[in-house]
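Asks: could you look at this predicted model? Sequence included:
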Amino acid sequence: MGFWRGTGKVMGQIVDVRVDKWVGVETIKENTSALLAWVKTVFRVQEAHREETFEAAMARLQLTDTMVEERRRQYSILVYIFLAFSFIIFAYGIYLAYQHSWGGVSLSMALTVYSLSQAFRYDFWVYQFTQRRLGCSVKEWWSS
């Protein structure tokens with residue numbers, strides 16, 4: 001028994017046998033807490049800096065009704081462009097899945113989600129232009 005105990009002490013000085021240092025548990029903990037803090041800031045709803053009506057915002061930005069209507073029309077076109085782009089990318093992703101190109105499938109699905117989020121963004125703005133009020137909720141947009 002004395003031989004093995006002595007060997008363990010010598011080996012412990014030569015080779016660090018603490019697995020938590022091999023893996024870097026402290027670094028993993030720090031990175032996880034930093035990632036969670038970042039996710040919390042990304043998904044936190046920001047408070048409005050000012051309370052104003054649609055007409056007050058139009059006056060502040062010096063917009064006319066024709067300019068607002070033109071912007072609403074432009075955003076409507078962008079909604080259709082992003083929806084078409086989403087459909088094309090999604091169809092291409094299905095083709096890539098048929099070809100067993102899984103990296104391409106994941107990239108095309110990510111691009112599809114991004115394109116759909118842009119379509120939602122512009123459609124929500126079109127809804128606010130149509131309602132002529134700011135601060136509409138997603139629930140109101142969805143029920144319309």
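Replies: Looks like it came in fine.
Asks: can we go C-alpha only for contacts and neighbour counts from here?
Replies: Noted.
Asks: which parts of the chain are helices?
Replies: Secondary structure of the chain, counting by DSSP state H: helices at 2-14, 19-23, 25-42, 54-60, 65-98, 102-131, 138-143.
Asks: save the ones you listed as TSV, and put in mean pLDDT too.
Replies: As requested, these are exported to TSV (pLDDT from 0 to 100):
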stretch	mean pLDDT
helix 2-14	63
helix 19-23	67
helix 25-42	87
helix 54-60	83
helix 65-98	94
helix 102-131	93
helix 138-143	79
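Asks: need these in a markdown table (columns: mean neighbour count).
Replies: Formatted as a markdown table, the helices of the chain follow (neighbours: other CA atoms under 10 Å):
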| stretch | mean neighbour count |
| --- | --- |
| helix 2-14 | 10 |
| helix 19-23 | 10 |
| helix 25-42 | 11 |
| helix 54-60 | 13 |
| helix 65-98 | 16 |
| helix 102-131 | 17 |
| helix 138-143 | 10 |
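Asks: from what I see, Gly104 and Gly93 are in contact.
Replies: Yes: counting by CA atoms under 8 Å, Gly104 does reach Gly93; the two are 7.0 Å apart.
Asks: contacts only, for the closest residue to Asp123 other than its chain neighbours.
Replies: Once flanking residues are discounted, Asp123 sits nearest to Val79: 6.0 Å by CA to CA, 6 or more residues apart in numbering. Listed by CA atoms under 8 Å, 6 or more residues apart in numbering, the contact set of Val79 reads Gln118, Ala119, Phe120, Tyr122, Asp123.
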